[in-house]
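1. the amino acid sequence is not available; the structure is as follows:
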């Protein structure tokens, strides 16, 4: 069975509209989108390490490609939240808008892309995605194996027992 991220192998662009708390799996899904627009109230974080596991779904590879190794390490290791403006400055999102304008602006962007010739757009997207596809697939496999090892370890078991 072939592992597929949402954006890889899909000819249509995926726009993530982010608002409020985009944490853990939500943040992982967000960075898998082709582009992201954030409401000014967005807070994003990857808290998995604090729970004794790692972020998965290609996060290590995709996040590093978006923000570089040092910032990816900070976000993945610290679990700290960053706001919309910082996410914009770091390249995690492409646009920031007031919360009450998020849906309209995301729809406007989607309409603009929907007016493009679909075959040419799909081919252009594939030309960009192919540069990352092999590494993302390798990253997914490494993350899955790491996660399974952590689930079986004593550190994870201790953290689970310590939960209230």
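-> Yes, it's here. Computed from a prediction, not measured in an experiment: that's the story for all the values here.
2. any idea how far the helix or strand of the chain with the lowest mean pLDDT is from the chain center?
-> Lowest on mean pLDDT, DSSP states H and E among the helices and strands of the chain sits helix 118-151, with a mean of 85. Chain-centre distance of helix 118-151: 12 Å, with CA atoms, centre = their mean, to the nearest Å.
3. buried residues, the next helix or strand along the chain from it. List them.
-> Past helix 118-151, further along toward the C-terminus, the next helix or strand under DSSP states H and E is helix 154-162. Using 16 or more other CB atoms under 10 Å as the test for burial, helix 154-162 gives residue 156. Every C-beta, even on glycine, is put in place using the N, C-alpha and C of the backbone.
4. distance between helix 154-162 and the chain's centre?
-> Chain-centre distance of helix 154-162: 27 Å, with CA atoms, centre = their mean.
5. touching, residue 150 and residue 156? I think so.
-> Yes: the pair residue 150 / residue 156 is scored as a contact, 5.3 Å apart, by CB atoms under 8 Å.
6. need the residues touching each of these two.
-> Common contact partners of residue 150 and residue 156 (CB atoms under 8 Å, 6 or more residues apart in numbering): 52-53.
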